[in-house]
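*Asks:* I would like to see how this sequence folds:
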Amino acid sequence: MARRQVVLWDIDHTLVETRGVGRELSAQAFRAVTGQEMLRQATVDGITEAVIFRETAKLHGLETDRADFERFAAALADAHVAAAAELRARGRALAGAEAVLDRLATAPGIIQTVVTGNVRRVAEIKLGTFGLDRHIAWDLGAYGEDADERADLVRTALRRAAAHLGIPLTSRDAVVVGDTSADVRAGRSAGVPVIAVATGRTSETDLRAAGAAYVVPDLTDHEQLAHMVASLSANDAT
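*Replies:* Sure thing, here's the model as predicted:
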């Protein structure tokens, strides 16, 4: 049987940037659900949406439950739908993102999905807005509503991919691509190698220190990235 490999993409600052639109829409959804203005927001890099909402609420003296988060997630998705034109105007796909997604789509045995702190509807809107969604197997991914910890999201995506493909998959049949030390730690915790992209707020030095298998400055060299994915698969097959 031909080997299958699942590429697990992060979204924000790996494939796209919202350039402030995302925070504005989060504030809008926070106000709609809690009745309070969002004066501060919890740290967002590498954190799932459920944790960001809960910790942001605490910063405002609020205790929330799962039902509150689900209302927030729905309001956030609706806000992204309504602001799609603004997101397209102010945000952007990162350089090389479309090309590398297209390149990996031609590689035998590769299937691409996402592991993201975004809730699924927001993830779909963000990638769809910039035309980056056509190679993404959405049902195989893991999202901000699925778990609090990113390592658990990686494990969830692997389980979904194995069920979809009808074959056993191990952690060595996947690779995480992300821009934060949290992405690297999550992959390593789940036993999945990580290609780190220094397109966010984390330096190449810090990404290496976190334990990424490879670190690249950006996505512009799609052939290099394809070779990195292939080499991780080849190394683990031997």
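
*Asks:* now tell me what touches stretch 63-82 from outside.
*Replies:* Applying C-beta atoms under 8 Å, 6 or more residues apart in numbering, the external contacts of stretch 63-82 come out as 25-26, 28-30, 32-34, 49-50, 53-54, 57, 87, 119, 121-122, 125-126, 144-145. Every residue, glycine included, has its C-beta placed from N, CA and C.

*Asks:* quick check: closest non-adjacent residue to residue 225.
*Replies:* The shortest distance from residue 225 to any non-neighbouring residue, by C-beta to C-beta, 6 or more residues apart in numbering, is to residue 100 (5.2 Å).

*Asks:* count of neighbours near the one you found?
*Replies:* 27 (other C-beta atoms under 10 Å).

*Asks:* please apply the same query to the one 10 residues further on.
*Replies:* Neighbouring residues of residue 110 were enumerated by other C-beta under 10 Å; the total is 20.

*Asks:* got the contact list for it?
*Replies:* With C-beta under 8 Å, 6+ apart, residue 110 has these contacts: 4-5, 7, 104, 229.

*Asks:* follow-up on the earlier one: who are the packing partners of the helix or strand hosting the residue nearest to residue 225?
*Replies:* Per DSSP states H and E, residue 100 falls inside helix 97-105. On a contact count with 3 or more C-beta pairs under 8 Å, 6 or more residues apart in numbering; DSSP states H and E, helix 97-105 meets strand 110-114, helix 222-237.

*Asks:* between the lowest-mean-pLDDT helix or strand in the chain and strand 110-114, how many degrees?
*Replies:* Lowest on mean pLDDT, DSSP states H and E among the helices and strands of the chain sits helix 222-237, with a mean of 82. In terms of direction (axes from the mean of the first three to the mean of the last three C-alpha atoms, to 10 degrees), helix 222-237 departs from strand 110-114 by 110 degrees.

*Asks:* what residues sit buried inside helix 222-237?
*Replies:* Residues of helix 222-237 classed as buried: 222, 225-226, 228-230, 232-233, 236 (neighbour count, 16 or more other C-beta atoms under 10 Å).
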